[in-house]
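Participant: missing the sequence, but the structure's below:
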């Protein structure tokens, strides 16, 4: 196992929220057990430096997480956050350019992943037409289509059938084989993971 990409130690955010101590290396699938989806939002916001650390230490790729400005290090998308486009392909283009990725490569990967999940129909949908399940599949697929050191996924195995689940597991295995790390934020254990931590926070559904 290589040197850790993400290390957290005694981290506390506002309102007394504590981030569990973690040491995540490249090529690892890590399960962060979250009480609910709002806890996952808190952790994603912490990773993206949207929530400031009151005390404790957190480093990402050797740099203090609050100072990290390289958006290509983390791949994450939450369609419940403010998104100013309604077209799926324009969204892929926006996410690719914001992370300094090539749009054509990202779109090809996005299409391949959707097909593997049996969800190719999403390509022709508007975001405003999507159900929560479709939004989750879209978010997961776009996040996986953008090569990054760390990929954050919320409930990637939810709302997909057995064939899609097998494809997802193989896809995650291929990604970590290339050296990326994946953090799965979910209430229940995913089919595969190496280490885990639990995040309990003040937010409730």
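Facilitator: Good, I have the coordinates. What you see is a predicted model, and the numbers here were worked out from it, not measured in a lab.

Participant: For residue 59, grab phi and psi.
Facilitator: With angles defined as degrees, to the nearest 10, residue 59 sits at phi -120, psi 140.

Participant: So, low pLDDT: which residues of this structure?
Facilitator: 1-2, 67-72, 82, 201-205 (pLDDT under 70).

Participant: where along it do the strands fall?
Facilitator: Using DSSP state E, the strands found in the chain span residues 4-12, 18-19, 22-25, 29-34, 55-60, 63-64, 74-75, 150-154, 181-186, 195-199.

Participant: could you give the angle of the lengthiest helix in the chain to strand 150-154?
Facilitator: Counting by DSSP state H, the longest helix found in the chain is helix 162-177. If you take axes from the mean of the first three to the mean of the last three Cα atoms, to 10 degrees, helix 162-177 sits at 160 degrees to strand 150-154.

Participant: Just the buried positions in helix 162-177, please.
Facilitator: For helix 162-177, burial by neighbour count (16 or more other Cβ atoms under 10 Å) applies to 164, 165, 167, 168, 169, 171, 172, 175, 176. The C-beta positions use only the backbone N, C-alpha and C, and glycine is treated the same way.

Participant: Surely the third one is in contact with residue 116?
Facilitator: This means residue 167. Yes. Shown here, residue 167 and residue 116 form a contact pair, counting by Cβ atoms under 8 Å, at 4.0 Å.

Participant: Just give me the neighbour total for residue 123.
Facilitator: 15 (other Cβ atoms under 10 Å).

Participant: wait, doesn't it sit right on residue 112?
Facilitator: No. Residue 123 is not in contact with residue 112 according to Cβ under 8 Å; the separation is 11.5 Å.

Participant: quick one: contacts for the residue sitting furthest away from the middle of the chain?
Facilitator: Largest separation from the mean C-alpha position in the chain: residue 55, at 24.3 Å (Cα atoms, centre = their mean). With contact taken as Cβ atoms under 8 Å, 6 or more residues apart in numbering, residue 55 is in contact with 10, 11, 12.

Participant: Quickly note the distance from the residue sitting nearest the centre point of the chain to residue 104.
Facilitator: Note on the chain: the residue nearest the mean C-alpha position is residue 152, at 1.7 Å, using Cα atoms, centre = their mean. The gap separating residue 152 from residue 104 is 24 Å, by Cβ to Cβ, to the nearest Å.
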